[in-house]
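Trainee: sequence and predicted structure, then a few things I'm wondering about:
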Amino acid sequence: QVQLVESGGGLVQPGDSLRLSCAASGRTFSNYAMGWFRQAPGKEREFVAGISWSGDSTYYSDSAKGRFTISRDNAENTVYLQMNSLKPEDTAVYYCAASNLGGGVRRIAYPYWGQGTQVTVSS
């Protein structure tokens, strides 16, 4: 089992940038594909970005493509989400998730989840 702790959320203005971090502990981090999801009030949790265990492959939702970048440092057991040009509609709780099932865009592929970090984009 792997434990995940997100950090880096906060209140920012439209157009600002923010970098989220997710620190992993427990099983070997490099064995897991990783993903970022988010959940806005009253909405379902949705996929944002994913990265393979090696970091060679990354993929994004349409809303994140071109603005967000997912990366990982297996030596530091950490995955990051760099978010640029933030919009009010990016406001949500952001969750880090780990998959030993190959990752992907579906929540069901991720057995392990962090507690989430709030991102609020408002002027």
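Mentor: Arrived safely, thanks for sending. Because the structure is a prediction, the values reported are computed rather than measured. Numbers count the residues shown, from 1 in each chain.

Trainee: only C-alpha atoms for contact and neighbour calcs from this point on.
Mentor: OK.

Trainee: list the contacts for the residue nearest the centre of the chain?
Mentor: By C-alpha atoms, centre = their mean, the chain has its centre lying nearest to residue 36, at 2.3 Å. Residue 36 sits next to 47-50, 81, 94-97 when contact means C-alpha atoms under 8 Å, 6 or more residues apart in numbering.

Trainee: state the pLDDT value of it.
Mentor: Looking at residue 36, its pLDDT stands at 98.

Trainee: try the one 4 residues further on
Mentor: In this model, residue 40 is scored at 97, pLDDT.

Trainee: the residue nearest to the centre of the chain: which element?
Mentor: strand 33-39 (DSSP states H and E).

Trainee: what are the pairing partners of that strand, and which direction each?
Mentor: strand 46-51 (antiparallel), strand 92-99 (antiparallel) (DSSP bridges).

Trainee: average pLDDT for the last one?
Mentor: Within the predicted structure, the mean pLDDT of strand 92-99 is 98.

Trainee: can you check stretch 110-123 too?
Mentor: 97.

Trainee: mind checking the end-to-end distance for that stretch?
Mentor: 34 Å (C-alpha to C-alpha, to the nearest Å).

Trainee: ok, and what's touching that stretch?
Mentor: 1-14, 86-101, 103.

Trainee: pLDDT on stretch 44-51, on average?
Mentor: Rounded mean pLDDT across stretch 44-51 is 98.

Trainee: so what touches it?
Mentor: 33-39, 57-61, 63-64, 69-72, 103-107.

Trainee: buried set for it?
Mentor: Across stretch 44-51, burial judged by 16 or more other C-alpha atoms under 10 Å covers 45-51.

Trainee: so which of the strands paired with strand 33-39 is nearest residue 18?
Mentor: strand 92-99 (11.9 Å; C-alpha to C-alpha).

Trainee: for the closest one, list every residue counted as buried.
Mentor: For strand 92-99, by 16+ other C-alpha under 10 Å, it's 92-99.

Trainee: do the same with stretch 60-68
Mentor: In stretch 60-68, counting by 16+ other C-alpha under 10 Å, buried: 60, 64, 68.
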